[in-house]
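A.B. asks: below are the sequence and a predicted model; questions follow.
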Amino acid sequence: MDGQTENRSKAASRPAPGVSVIRVLLVEDSDADARMIELHLADAVSACFTVQRVSRLSEALRVLSRERFDAGLVDLGLPDSQGLETFQTLHQQAPHTAIVIISGHEDEDLRLQAVQAGAQDFLAKSEMTGPLLRRALRYAIERQRTQQALRESEERFRLLVEHAYDGISLCERVEARHPDGTTHYKRRLVFCNERYVQMSGYTREQLLACDDLTELNISHLSAAEKAANRERFLSGQPYRGVSSWKRPDGRENYSEWVAMPIYLKGKLYTLGIDRDITERRKMEDALRQAQEELEQRVE
């Protein structure tokens, strides 16, 4: 590859101790604009920007396939690619690289589309200064790292929830009135894991479509226990109980659960954890029956 299409420049030949090195891929076909950007980055004091420049999308993809960069500065108007598709192709190739778009046109609609598509920033060349460019790059890198860490954290949490032994659910609680005028709170499912679906005997779609999950449950609590749970629910305290699902297949089942009221964006929800105790309940019933039979024989 000749020097006109790909070259490397360093903002400082040797970074001072404690100064971070930031690797930047510059995708720009204009020699004059590329030189201006390299000079802007060369003035940095708190960081050492090393810049590798390419002038075509195809060259950028080839470089990204073998090297990693902290950030990319990308002009959307290239000899082999135009518009937002340029960014989208690069972003797909290097999703962990913070990309800042640089453009010769101040197009607010394009700016909005680019940010919505995943670009970290959009700078107009006519407004670009050294401090603005360096700050935009550093902020873009930090946002990218934060977003990546959040995505990884969410993925770990999703895997933990989906593979949990217990059923986990989040239900919105909606106040409603009985015909006699008393109030109660409907349970409308917002989220649940696969274990919760299996325990219920229904499909996830059926559970999400249900106006009140209470209608699909049989409570095994006494009136006094229900009243105590209501008081704990209204005061924001965790409460617990035992219930059975009205399974479509009629299979006997028992769940021991604990629920915690929480507020999210002004709405009341309950976070529930359900454990299947069907086998334990069967063994307890069998032991109780055996004990009763033994007592009858003794009498």
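C.D. replies: Okay, I see it.

A.B. asks: list the buried residues for the helix or strand hosting Gly272?
C.D. replies: Mapping Gly272 onto the secondary structure by DSSP states H and E places it in strand 267-276. Within strand 267-276, the residues that count as buried by 16 or more other Cβ atoms under 10 Å are Leu268, Tyr269, Thr270, Leu271, Gly272, Ile273, Asp274, Arg275, Asp276. (Glycine included, C-beta is placed from N, CA and C.)

A.B. asks: could you pull out the strands in the chain for me?
C.D. replies: Per DSSP state E, the chain has strands spanning 6-10, 20-27, 47-54, 71-75, 77-78, 81-82, 98-103, 121-124, 167-177, 183-192, 217-219, 239-245, 255-264, 267-276. These are given in chain order.

A.B. asks: a markdown table for the buried residues of strand 267-276, including distance to Arg53 and pLDDT?
C.D. replies: Rendered in a markdown table, the data for the buried residues of strand 267-276 read as follows (distance: Cβ to Cβ, whole Å; pLDDT from 0 to 100):
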| residue | distance to Arg53 | pLDDT |
| --- | --- | --- |
| Leu268 | 55 | 95 |
| Tyr269 | 52 | 96 |
| Thr270 | 56 | 97 |
| Leu271 | 51 | 96 |
| Gly272 | 56 | 97 |
| Ile273 | 55 | 97 |
| Asp274 | 58 | 97 |
| Arg275 | 59 | 96 |
| Asp276 | 61 | 96 |
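
A.B. asks: closest one of those to Glu154?
C.D. replies: Proximity of the buried residues of strand 267-276 to Glu154 was ranked by Cβ to Cβ; the top entry is Leu271 with 16.7 Å.

A.B. asks: hang on, isn't that closest one packed against Glu172?
C.D. replies: No - with contacts counted by Cβ atoms under 8 Å, Leu271 stays clear of Glu172, the gap being 11.3 Å.

A.B. asks: tell me how many other residues crowd the nearest residue to Thr203 once chain neighbours are set aside.
C.D. replies: The shortest distance from Thr203 to any residue that is not its chain neighbour, by Cβ to Cβ, 6 or more residues apart in numbering, is 7.1 Å, and that residue is Val197. The burial metric for Val197, expressed as a neighbour count using other Cβ atoms under 10 Å, is 17.
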